[in-house]
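Student: Show me the folded form of this:
(2 chains)
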There are 2 protein chains.
Amino acid sequence: MAYRETEMMRERKAQARQRIIECAWESVTTGGFRSARITQIASMAGVATGSIYRHFESREELFAEMFRLATQHEVDRVAQALTGPETAAQQLENALRLFAERALRAPTRAWALIAEPVDPKLDEERLVYRRAFARLFEGAIRDGVLDGSLPEQNARLASTSLVGAIAESLIGPLAQASPEPCEAADLKPNELVDAIMQFCMQGLTGTRSQP
Amino acid sequence: MAYRETEMMRERKAQARQRIIECAWESVTTGGFRSARITQIASMAGVATGSIYRHFESREELFAEMFRLATQHEVDRVAQALTGPETAAQQLENALRLFAERALRAPTRAWALIAEPVDPKLDEERLVYRRAFARLFEGAIRDGVLDGSLPEQNARLASTSLVGAIAESLIGPLAQASPEPCEAADLKPNELVDAIMQFCMQGLTGTRSQP
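Tutor: I've put the predicted structure just below:
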């Protein structure tokens, strides 16, 4: 009997933890890390502010875990796009496009994940996340050199260039107010994605690609 | 007489301020922002720790000002490389190469300026600095489209892609221990710079360039 109670308590605790993370995520998605408040997250999750610290050592730890889960989701989506019957170059183009389109559809969320100035602990998570994307792209570039859809090149270096180019190109547009996130480059979202893709694919292939 | 004394005091104060900034810079250049200590900077500058706060409101403000001066120096060097008798495309290649080579020659300094996880205030300075580079590159790309050395393209977007590609490609190598900063990509510094240049110039020109 004692055993079952412990099980139930554990499960409840895990559910509360999960709910807190989801509410933190909702809060960040709306206004970025800067405006996310523990008191507000607690109230959204229906728990006392103090009880959040029974689940997480600090505000930073809560946000770091939330960040890991949210970015792992993006990494998984990109990994998914890197499978299929197309050439590796085509898969890579699909994956890069997916990443940029998802970011522009939810600019505040993407700004928070990619570029919002945050505390150093979260910034370190961000470096890990960028390396995860780079590793995915690196594999795809190696595959592309093997299947002949990409020319010989240093795959590791090209992969980090891709991550940098796409993230930095999105920062300007994402930093704008949400209703017109793409005014910065005077482009509609699809034109913006096309222009980013053009630079990236030309960088990889050395062949002029018309957007 | 009172006037001259005030002048002299002002000058001394300005000199002390300058010395504090230089010592902060020396400290960051050696071990990054994380290991830079106010007490150590004060001792290097030959002032009491407390007197640093007569010149700067906080540690963050001192580092932010130091960061602005150091990065303005890099921006000026790149701006300088973007003048001369060559085509705009060639100037741009020279400027990008200069930026990468300078970074690899002083990896700890460059890591601190480009990518070390820092507090949000400094991170915001970093965004300003990246925009300054992007603006320089954007002007050069527009010139290149005009003088025919670069094909028609969205100059703003290509400029941010360049900043991102070059900064991100340097992060891996720079993050390594200083003695062998380029092991990450299994390349010597000049090969690394060549590979970065290849991706960037291909991205701009859509023409295969052999490193």
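Student: what separates A:Gly139 from chain B, distance-wise?
Tutor: From A:Gly139 across to chain B, the span is 15 Å (CB to the nearest CB, to the nearest Å). For every residue, glycine as well, the C-beta is placed using N, CA and C.
Student: what do you get for A:Ser27?
Tutor: The gap separating A:Ser27 from chain B is 17 Å, by CB to the nearest CB.
Student: Find the residue closest to A:Thr39 in space, skipping its chain neighbours.
Tutor: With sequence-adjacent residues excluded and distances taken as CB to CB, 6 or more residues apart in numbering or on different chains, A:Thr39 is closest to A:Thr49, at 5.2 Å.
Student: burial count for A:Gly84?
Tutor: When counting by other CB atoms under 10 Å in any protein chain shown, one arrives at 10 neighbours for A:Gly84.
Student: circling back: dump the residue contacts of the residue nearest to A:Thr39.
Tutor: Under the criterion of CB atoms under 8 Å, 6 or more residues apart in numbering or on different chains, the neighbours of A:Thr49 are A:Ile38, A:Thr39, A:Ala42.
Student: give me every residue that touches the spatially most central residue of chain A.
Tutor: Nearest to the mean C-alpha position of chain A, by CA atoms, centre = their mean, lies A:Thr71 at 4.2 Å. Going by CB under 8 Å, 6+ apart, A:Thr71 touches A:Leu113, A:Glu125, A:Tyr129, A:Ala132.
Student: tell me which element it falls in.
Tutor: A:Thr71 belongs to helix A:59-81 when assigned by DSSP states H and E.
Student: buried ones in that helix?
Tutor: Using 16 or more other CB atoms under 10 Å in any protein chain shown as the test for burial, helix A:59-81 gives A:59, A:62-67, A:70-71, A:74-75, A:78-79, A:81.
Student: Mind picking the two most distant members of the residues you listed?
Tutor: A:Arg59 and A:Ala81 (33.5 Å; CB to CB).
Student: Which parts of chain A are helices?
Tutor: All helices of chain A, identified by DSSP state H, fall at A:2-31, A:38-45, A:49-55, A:59-81, A:88-105, A:107-114, A:120-147, A:155-175, A:189-205.
Student: most packed of the ones you listed?
Tutor: helix A:155-175 (a mean of 26; mean count of other CB atoms under 10 Å in any protein chain shown).
Student: can you tell me which of the contacts of A:Thr71 lies nearest to A:Ala14?
Tutor: Of all the contacts of A:Thr71, A:Glu125 has the smallest distance to A:Ala14: 21.9 Å, by CB to CB.
Student: contacting residues for the closest one?
Tutor: Each residue near A:Glu125 by CB under 8 Å, 6+ apart is listed here: A:Ala64, A:Phe67, A:Arg68, A:Thr71.
Student: Would you map out the domains in chain A?
Tutor: What automatic domain parsing lists as the domains of chain A is A:1-56, A:62-205.
Student: So for the shortest one, mean pLDDT?
Tutor: So the one you mean is domain A:1-56. On average, the pLDDT along domain A:1-56 is 90.
Student: Would you pull up how far that domain lies from the middle of the chain?
Tutor: Domain A:1-56 sits 22 Å away from the centroid of its parent chain (CA atoms, centre = their mean, to the nearest Å).
Student: for stretch A:139-151, what is the average pLDDT?
Tutor: Rounded mean pLDDT across stretch A:139-151 is 96.
Student: Excluding chain neighbours, what is closest to A:Glu22?
Tutor: Sequence neighbours aside, A:Ala45 is the residue nearest to A:Glu22 in space, at 7.8 Å (criterion: CB to CB, 6+ apart).
Student: residue contacts, that neighbour?
Tutor: Contacts of A:Ala45 (CB under 8 Å, 6+ apart): A:Ala16, A:Arg19, A:Ile20, A:Glu22, A:Cys23, A:Ile52.
Student: any idea how far the residue nearest to the last one when sequence neighbours are not counted is from A:Ala48?
Tutor: Meaning A:Ile52. Residue nearest to A:Ile52 in three dimensions, not counting chain neighbours: A:Ala42, with 5.4 Å by CB to CB, 6+ apart. Note on A:Ala42: its distance to A:Ala48, by CB to CB, to the nearest Å, is 6 Å.
Student: Having no further points to raise, I will conclude here.
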